[in-house]
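Need a 3D model of the following:
(chains A and B)
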Amino acid sequence: MASRRATHDTLWRRIALTPTILVFLAMSILPTLNLMAMSVNEISWVDGKAVWSYVGFTHYARLAEDSLLIAGLKNTAIFAIAGVAAQVLLGFLLAWAVSRIARGRVLYRTIFILPILVPGILIGAVWKLMLNYDFGLVNGFIGVFGIHPVDWLGTRAWALPSVIMVDIWHWTPFCFLLLLAGFESLPQDVQEAARVDGAGTWAEMRYVLIPMMMPVIAVTFLFRLVTSLKVFDEIYLLTGGGPGSATEVISYTIYRTFFTQDRMGYGSAMSVTVLFFISLAMIGVLMAGKRGRNAA
Amino acid sequence: MMPFEKRVVPFFHLFLIAISIFVLVPFVWIIAAGFKTQISLLQGEIFFTPTLASFREVLFSRTTEFMDNTFNSLVVATASTIGICIVATLGGYAIERLGTSRLVVHALLGWAIVFHMVPPITLVAAWFPLYRELGLDNTYFGLALAHVAVHLPMALWLMANFVREVPVELEEAARIDGCTTPYLIWKVIVPLVAPGLAATAILTFIFSWNEFAVALNLTAKQTATVPVAIAKFAQGYEIKYGEMAATAALSLVPALAFLLFGQRYIVKGLTTGAVK
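As a prediction, the model looks like this:
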């Protein structure tokens, strides 16, 4: 900070920052305030005009008893933690393998990046067909081994694991990419020194690679966790939250309440609650990170 | 004895090839499904006679809206990308080099983090009533503006990182030569951050092209983008699987094009800030 000699061109500073601050005010502060106002009102549409009537905090009082919302929170937590843990682990192994080979790096990277660039809704469409009970490739594949076809998305027991599997397929490449960049930025001499000292592959992994990669692993994990909590597109196409509430996730609950059931007041209360808890979680994570860094 | 590293390399390749197949099979399968007839698809045939019927239906039939959807996606993605590049370059430069107070910088970055964590659906819920009031729903401008807001945090974060890498000495030299701030941004900063700007632009374009939750709720028939159209296919009473697969295959084209021609920038954009 100290070495950064900034120029104090006040006029141009204001001009350059204005667009950012305008987007900030118009698209987040103002709508958030509106969202809070809506959450204490019942809103109905009369002749295309919104009619508000004040109901106090009754919407919030109802949240704790909403079984669909509770199922959504539980499933989102399972989805995010199980999915992301698997993605980081698999991504780490892939990145490690790619960093150790001389030929074919770019080819593997090209193939692995593909799922990241594809629309989430397209992933949903592809896997909806792949997991189809009658003609999907997955049932065709297990049929070769004599296993009976499974209704992957239509049974309570399989729906959530199936959706998590699709998410692992979709996002492991992103973890791979970040972790590969991490491996490539590690200093080579430390690894060589470990090898000269006679460290085997396992010892090198345990005492050199994993400790040195820890910051990148943590960033990857957090980054994916954050985006995983937002999941919507894939669920929308694959299961629509079903069967029953087996794959209900928080984004989908809000979508259904606010947009398809037109319960805007109640949906706003849900949104505000989610905003609140996400901010709280963020503060918790930042503080834990700080303590971790201080301890290290 | 061969060193351990050498002996183990074939196993690495075996592992990586297995995963590559796992990644590629769904894409190959969906493209193949686009060339199948509905009957052949429903019977799960592996060997089939390819037909262009589904693609023809999606591209040229009288009832198809795929071309309109593609046009809508192009308009919205291009407009929001241009908007974001301008706002984020100016904003990133102001944050890094124009002596913006730390309070403002922290407020902006904190906002960017929270905004990045919030499910887009809560944002749409917040925008929707205001959009209805202002008549911005179902307009290109409304959706492009929403996409600017959704992806600006990432773009601002990236551009601030890229501007930080420009040596301050270059700027000072230009100032001594009598360069004014707007001229400096245009003639010194922009050319130097051009690769970073390209990375930001490509990612913004792809994310806007892919975005579904916002587009679903802020568009109607006239402005629906490609992802919204794909979702529609899966929801009819009688799903036209062949056309759904053909549409899916066609919407892969931009991702493939960017992967082939802009991979360097994509990698740069996705990994910046995570590793340092």
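
CA atoms for contacts and neighbours, from now on please.
Noted.

Could you show which parts of the stretch 151-276 of chain B are in contact with chain A?
Residues of the stretch 151-276 of chain B lying close to chain A (Cα under 8 Å from any Cα of the partner chain) are B:168, B:181-182, B:206-207, B:209-213, B:217, B:227, B:230-231, B:234, B:241, B:244-245, B:248, B:252, B:255-256, B:259, B:263, B:267, B:270-271, B:274-275.

wouldn't residue B:151 be in contact with residue B:204 here?
Yes: contact criterion Cα atoms under 8 Å: residue B:151 and residue B:204 qualify, at 6.7 Å.

which residues do the two both contact?
Jointly contacting residue B:151 and residue B:204 under the rule Cα atoms under 8 Å, 6 or more residues apart in numbering or on different chains are residue B:84.

So between those two, which is more surrounded?
More neighbours surround residue B:204 than the other of residue B:151 and residue B:204, with 27 against 22 (other Cα atoms under 10 Å in any protein chain shown).

Contacts only, for the more buried one.
Here residue B:204 is in contact with B:77, B:80, B:81, B:84, B:151, B:155 (Cα under 8 Å, 6+ apart).

any idea which of those residues is closest to chain A?
Nearest to chain A among the contacts of residue B:204: residue B:84, at 9.4 Å, using Cα to the nearest Cα.

does the closest residue to the closest one other than its chain neighbours count as helix, strand or coil?
Using Cα to Cα, 6 or more residues apart in numbering or on different chains and skipping the chain neighbours, the partner closest in space to residue B:84 is residue B:148 (5.8 Å). Recorded secondary structure, residue B:148: helix (DSSP: H, G, I helix; E, B strand; the rest coil).

rewinding a little: from the contacts of residue B:204, which two are the most distant?
Farthest pair in those (Cα to Cα) is B:77 and B:155. Separation: 14.3 Å.

Tell me where the model's unsure across the stretch 51-200 of chain B.
Filtered on pLDDT under 70, the stretch 51-200 of chain B yields no residues whatsoever.

Which residue ranges of it form helices?
B:53-60, B:66-97, B:102-117, B:120-134, B:140-164, B:168-176, B:181-184, B:190-192, B:194-210 (DSSP state H, counting those that start in this stretch).

among these, which is nearest residue A:43?
Once the helices of the stretch 51-200 of chain B are compared by Cα to Cα, helix B:120-134 is nearest, at 10.3 Å.

Could you find the closest non-adjacent residue to whichever residue of the stretch 151-276 of chain B sits closest to chain A?
As assessed by Cα to the nearest Cα, chain A sits closest to residue B:210 within the stretch 151-276 of chain B, at 4.2 Å. Distances taken as Cα to Cα, 6+ apart put residue A:119 closest to residue B:210, at 4.2 Å, once the chain neighbours are dropped.

hang on, the earlier thing: got a list of what the residue nearest to residue B:84 touches?
Contact analysis of residue B:148 by Cα under 8 Å, 6+ apart lists B:80, B:81, B:83, B:84.

again with residue B:125
Contacts of residue B:125 (Cα under 8 Å, 6+ apart): A:35, A:258, A:264, A:267, A:268, A:271.

Can you report how many residues lie near the closest residue to the third one other than its chain neighbours?
The one in question is residue A:264. Nearest non-adjacent residue to residue A:264, counting by Cα to Cα, 6+ apart: residue A:258, 4.8 Å away. By other Cα under 10 Å, 24 other residues sit near residue A:258.
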